[in-house]
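S.K.: Structure, please.
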Amino acid sequence: AALVVFLKDCARQKDLYRGSRLHAIVVRKGSLNLHHNLGSSLVNLYAKCGKLAAAQQVFEELVQRDVVAWTALITGYAQHGHDEKAFSCFYGMQSIGLVPNAVTFACILKACANMGSAERGIALHTEIMRKGLLGDDIVLGNALMDMYFKSGLPFKAKEVFDELPFHDVVSWNALISGYAQFERNEDALDCFEKMQQEGLCSDPVTLLSILPVCGSREATEKGIRIHAKLVEEGLLEEDCALGTALINMYAKCGVPTKAHCVFLSVPVQDVATWNAIIAGYADVGKHDFVFILFSEIIGEGIDPTVITFVSLLNVCSQLGLVDDGCAYFKSMRIRYGIIPTLEHYACMVDLYGRAGCFERAMETIEEMPSLDCLPAWSALLGACRKWENVNIGMFAYQHAIQLDRKTAVVYTYMRDIFMAAGMDEHANKIETMRLANEARW
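M.R.: Have a look, this model is predicted:
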């Protein structure tokens, strides 16, 4: 019994070293199959620590594999992204006559959420209801909500929420973060208000979900109230992520001075905090501050990240600083060991395109690790509209609509290119296609 307690403690702390030593004791004593709880606890330990091969090996050594052992293995696979293996175990345990319990279903729902598989999720929900497992099990209800949001079915998540006998902070967090992900900002704010009306205290997860929703001028007042709450409760001193979220919020509201005040007030300025304030100034067109802050972050000995360079390259593009942009782009790999992402390549296409350097823009596109980058083709189209380049514009347009036929700006750019060239008939055809495809902005 003592070994089981110690193993559970190791799993909770993800202390693989101590857990492995306890495993050695179990093997030496030959206790693995004398006490089935020991085997399940070992599977759980290795699964929680991400040592899935070891978890599978211990599992296979068990003479008796009960629901707890199967669930521990399913949990490990689901938590570490091996979702099909999790489902294979889930079906496997049932094939030998074992009945999954509420914990098992909560774990397999995690795998389903990772996959975004609505079909499997609905089937699991049906089975849960048939077995009468939901009842007062708030954990299972929360797992169902998370699965539905990640499967693109927010209305189903709300149905589950409404059916729960009571709501804890996790339930509200799932609803708020889900609505925020779907940009249903009013719904997210309403839920935040109702949560407080029910007397539940928001936690850092709640606040990290709701602060991005407040990133508009209409919601600024609510964001300011949340800021006051964070200061009052001393949460900014405990959580760098909250400070970063506040900076992002004020920047999106178009109040960079407030964002900078938060930046200066947080006790620890990590790279995420620096990136937030740099991006904030870039978004509102305070370009000089971007370069100043970049110099400061280097002076502080903090290495910039992929996000830092997106802001820098965007500013260079907006200002037409082709040479500076090229220098930053090269320094990413040479000085900082950062492999450029498609977003960085798109920034460079935009930089060259705005400056009318179409040959270099096309060379950059050829260097991209993948041509499936709508922002790059859109940037090239935008440049073609500016410089009235029909041929390259048509080339970019064909690639863009192959990736997404629903983005209105692609059609608008091509239509404008044709109109500027006096090709009204072609322009009208593009506009007809935009309407037929119900392209959105």
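S.K.: Show me what the one helix or strand residue 60 maps to is in contact with.
M.R.: In the assignment (DSSP states H and E), residue 60 maps to helix 52-61. Applying Cβ atoms under 8 Å, 6 or more residues apart in numbering, the external contacts of helix 52-61 come out as 23, 32-33, 39, 42-47, 65, 69, 72-73, 76-77, 80, 82. (C-beta placed from N, C-alpha, C; glycine too.)
S.K.: Now intersect those with the helices, please.
M.R.: Among the contacts of helix 52-61, the residues falling in helices (DSSP state H) are 23, 39, 42-47, 69, 72-73, 76-77.
S.K.: burial count for the closest residue to residue 150 other than its chain neighbours?
M.R.: Computed as Cβ to Cβ, 6 or more residues apart in numbering, the closest residue to residue 150 that is not its neighbour in sequence is residue 113, at 4.2 Å. Close neighbours of residue 113, defined as other Cβ atoms under 10 Å, add up to 21.
S.K.: Residue 113 contacts residue 146, doesn't it?
M.R.: Yes. Residue 113 is in contact with residue 146 according to Cβ atoms under 8 Å; the separation is 5.2 Å.
S.K.: on that earlier part again, now, of the contacts of helix 52-61, which are buried?
M.R.: Taking 16 or more other Cβ atoms under 10 Å as the criterion, what is buried in the contacts of helix 52-61 is 23, 32, 39, 42-47, 65, 69, 72-73, 76-77, 80, 82.
S.K.: mind checking pLDDT for residue 30?
M.R.: Residue 30 is assigned 85 on the pLDDT scale.
S.K.: Relative to residue 177, how far out is residue 56?
M.R.: 32 Å (Cβ to Cβ, to the nearest Å).
S.K.: So for those two, which residue has more residues nearby?
M.R.: Set side by side, residue 56 and residue 177 show more neighbours around residue 177, with 22 against 18, by other Cβ under 10 Å.
S.K.: in the stretch 1-150 of the chain, which segments are predicted with low confidence?
M.R.: Scanning the stretch 1-150 of the chain for pLDDT under 70 picks out the ranges 1, 34, 36.
S.K.: Identify the residues contacting stretch 424-436?
M.R.: By Cβ under 8 Å, 6+ apart, stretch 424-436 touches 408, 411, 412, 414, 415, 416, 418, 419.
S.K.: From the contact counts, what lies against the one helix or strand the third one maps to?
M.R.: Here residue 412 sits within helix 408-420, counting by DSSP H and E. The helices and strands touching helix 408-420, judged by 3 or more Cβ pairs under 8 Å, 6 or more residues apart in numbering; DSSP states H and E, are helix 374-387, helix 390-403, helix 424-436.
S.K.: Let's have these in JSON lines, adding mean pLDDT and distance to residue 361.
M.R.: Output for the helices and strands packed on helix 408-420, formatted as JSON lines (pLDDT from 0 to 100; distance: least, Cβ to Cβ, whole Å):
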{"stretch": "helix 374-387", "mean pLDDT": "98", "distance to residue 361": "6"}
{"stretch": "helix 390-403", "mean pLDDT": "98", "distance to residue 361": "8"}
{"stretch": "helix 424-436", "mean pLDDT": "97", "distance to residue 361": "22"}
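S.K.: Tell me which residues of stretch 149-157 come out buried.
M.R.: Using 16+ other Cβ under 10 Å as the burial criterion, the residues of stretch 149-157 that qualify are 149, 150, 151, 153, 154, 156, 157.
S.K.: Just those: which are in strands?
M.R.: Among the buried residues of stretch 149-157, no member is found in strands (DSSP state E).
S.K.: follow-up on the earlier one: tell me the spacing between the residue nearest to residue 150 and residue 47.
M.R.: According to Cβ to Cβ, residue 113 and residue 47 sit 18 Å apart.
S.K.: Residue 89 too?
M.R.: Residue 89 is 11 Å from residue 47, by Cβ to Cβ.
S.K.: list the residues that contact both of those two?
M.R.: Common neighbours of residue 89 and residue 47, using Cβ under 8 Å, 6+ apart, are 73, 77.
S.K.: and residue 186, what element?
M.R.: helix 185-197.
S.K.: Dump the next helix or strand after that helix to CSV, restricted to CA.
M.R.: Tracing the chain past helix 185-197, the next element assigned as helix or strand by DSSP H and E is helix 204-210. Extracted in CSV, the C-alpha atoms of helix 204-210 (Å, rounded to 0.1, in the frame of the first residue of the first chain):
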residue,chain,number,x,y,z
PRO,A,204,-5.9,32.7,-14.0
VAL,A,205,-7.3,30.3,-16.7
THR,A,206,-10.5,32.4,-16.8
LEU,A,207,-8.6,35.6,-17.0
LEU,A,208,-6.3,34.4,-19.7
SER,A,209,-9.3,33.4,-21.7
ILE,A,210,-11.3,36.6,-21.2
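S.K.: and helix 204-210, which residues are buried?
M.R.: Residues of helix 204-210 classed as buried by neighbour count (16+ other Cβ under 10 Å): 205, 206, 207, 208, 209, 210.
S.K.: contacting residues around the first one?
M.R.: The neighbours of residue 205, taking Cβ under 8 Å, 6+ apart as the test, are 169, 173, 177.
S.K.: okay, it: pLDDT?
M.R.: Among the per-residue scores, residue 205 shows a pLDDT of 94.
S.K.: For residue 279, see how far away it is.
M.R.: Distance from residue 205 to residue 279, counting by Cβ to Cβ: 23 Å.
S.K.: Residue 381: what's it in contact with?
M.R.: So residue 381 contacts 393, 396, 397, 400, 410, 413, 414, 417 (Cβ under 8 Å, 6+ apart).
S.K.: can you redo the residues you listed as JSON lines with neighbour count and distance to residue 249?
M.R.: Formatted as JSON lines, those follow (neighbours: other Cβ atoms under 10 Å; distance: Cβ to Cβ, whole Å):
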{"residue": "393", "neighbour count": "24", "distance to residue 249": "38"}
{"residue": "396", "neighbour count": "29", "distance to residue 249": "35"}
{"residue": "397", "neighbour count": "23", "distance to residue 249": "36"}
{"residue": "400", "neighbour count": "24", "distance to residue 249": "32"}
{"residue": "410", "neighbour count": "27", "distance to residue 249": "30"}
{"residue": "413", "neighbour count": "25", "distance to residue 249": "31"}
{"residue": "414", "neighbour count": "28", "distance to residue 249": "36"}
{"residue": "417", "neighbour count": "28", "distance to residue 249": "37"}
